[in-house]
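Novice: this one's structure only:
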């Protein structure tokens, strides 16, 4: 099945009770929600996870895009092996781009980009490719072989809500040229925005919630997810008579939740196709008569409840 760039058909496919072919492109060492998203994708019965690909990132946690990608590769392999220590799921991991795209015409070749092309061409039906880090790998794949856009739907966790004062956020601002390729090349895009009224920033959890549902109950991966959270936010201990429980946004869970629980994630809307200005600052209408899918008003409680339920019901060692 091809999507025919028909947003109604894509939404119908999302809501159909069938497993969805999925590639997850992740900067897994950048923030801790990536590890949660990988785990969710591996355990959901509605997701057929075909591959994990490592995205570059460059900030205070890395010295270069290449180092960020390598650390992300190591981290996603670590999480995969904790969830599936015997390798029964047979999920390959691929290294991604070592640098960012310099413009909208020049792809960055990598294992990730080339294997995204290969997997899409070898797979029957629509392949949903989620970008939960920098957009370079997926944009490069679409430039390397533009024909794959007829089978790919890109789930983009990044940019911000249409009502927000800027499009800039961590994923988009690293490589605006890559984002523009995805918006403008003719592949169907599902925008899962970060900041603004109703964005993925609504998908909050807390220290206490994470420890209550996961610690000592969901195998090595559950304890590891707790450690990641406490390393960032502290433990849910009571100190000086006060409870210390910090909340944070689990942005990246949105991409998996869209496939796993499309009727409960939030509001799924068909809107005119947009792109961003070259500097990545503002949304602009493409004026090409085409549409995109825009999801907002994320239902935090439904998403987090589903994630914890899947963790608790899985046979994790």
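Specialist: Good, I have the coordinates. Here the structure is a predicted model, which is why all the values come from computation and not from measurement.

Novice: can you tell me which residues contact residue 213?
Specialist: Contact analysis of residue 213 by CB atoms under 8 Å, 6 or more residues apart in numbering lists 308, 311-312. (Each C-beta comes from the backbone N, C-alpha and C, glycine too.)

Novice: Phi and psi next, for it.
Specialist: Taking degrees, to the nearest 10, you get phi -90, psi -20 for the backbone angles of residue 213.

Novice: One more: residue 131?
Specialist: Dihedral pair for residue 131: phi -100, psi 110, per degrees, to the nearest 10.

Novice: my read: it touches residue 159, true?
Specialist: No: taking contacts as CB atoms under 8 Å, residue 131 lies outside contact range of residue 159: 10.6 Å.

Novice: which residues are common contacts for these two?
Specialist: Here residue 131 and residue 159 share the contacting residues residue 171, scored by CB under 8 Å, 6+ apart.

Novice: what's the burial count for the residue nearest to residue 267 when sequence neighbours are not counted?
Specialist: With CB to CB, 6 or more residues apart in numbering as the criterion, residue 267 has its nearest non-adjacent residue at 4.3 Å, and that residue is residue 297. Residue 297 sits with 13 neighbouring residues when counted by other CB atoms under 10 Å.

Novice: what does residue 4 give?
Specialist: For residue 4, the neighbour count with other CB under 10 Å is 11.

Novice: Please report the distance of it from residue 143.
Specialist: Taking CB to CB, to the nearest Å as the criterion, residue 4 is separated from residue 143 by 22 Å.

Novice: what does residue 134 give?
Specialist: If you measure residue 134 against residue 143 using CB to CB, the figure is 15 Å.

Novice: Please say which of the two ends up with more neighbours.
Specialist: A count of neighbours by other CB under 10 Å puts residue 134 above the other of residue 134 and residue 143, at 33 against 19.

Novice: check contacts around that one.
Specialist: When contacts are counted by CB under 8 Å, 6+ apart, residue 134 is found next to 27, 55-57, 65, 100, 171, 174-175, 178.

Novice: Quick check: closest non-adjacent residue to it.
Specialist: On the basis of CB to CB, 6+ apart, the spatially nearest residue to residue 134 that is not a chain neighbour turns out to be residue 174, at 4.4 Å.

Novice: Double-check residue 24 against residue 49; I have them as touching.
Specialist: Yes: taking contact to mean CB under 8 Å, the distance of 6.7 Å between residue 24 and residue 49 places them in contact.

Novice: Can you pull the residues that touch both of the two?
Specialist: residue 41.

Novice: Those two: which has the busier surroundings?
Specialist: When neighbours are counted by other CB under 10 Å, residue 24 comes out ahead of the other of residue 24 and residue 49, with 30 against 24.

Novice: For that one, what is the enclosing helix or strand?
Specialist: Assessed by DSSP states H and E, residue 24 sits inside strand 20-26.

Novice: after that strand, next one along is what?
Specialist: Scanning forward in sequence from strand 20-26 by DSSP H and E, the next helix or strand is helix 33-43.

Novice: avg pLDDT for the helix or strand that comes right after that next one?
Specialist: Using DSSP H and E, the next helix or strand after helix 33-43 towards the C-terminus is strand 47-54. Per-residue pLDDT values across strand 47-54 average out to 98.

Novice: likewise stretch 258-271?
Specialist: Throughout stretch 258-271, pLDDT has a mean value of 97.

Novice: which other residues reach it?
Specialist: Counting by CB under 8 Å, 6+ apart, 7-8, 11, 14-15, 20, 22, 40, 44, 46-47, 128, 155, 190, 192, 198, 254, 257, 291-299, 302-303, 306, 310 sit against stretch 258-271.

Novice: Put the buried members of these into a ChimeraX selection.
Specialist: Entered in ChimeraX, the line below selects the buried ones among the contacts of stretch 258-271, by 16 or more other CB atoms under 10 Å:
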select :7,11,14,20,22,40,44,46,47,128,155,190,192,198,254,257,291,292,293,294,295,296,298,299,302,303,306,310
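
Novice: Look up how far residue 179 lies from residue 185.
Specialist: If you measure residue 185 against residue 179 using CB to CB, the figure is 11 Å.

Novice: between those two, which one's more packed in?
Specialist: For residue 185 versus residue 179, the count of surrounding residues by other CB under 10 Å is larger for residue 179: 29 against 15.

Novice: What does that one show for phi and psi?
Specialist: Reported as degrees, to the nearest 10, the phi and psi values for residue 179 are phi -60, psi -40.
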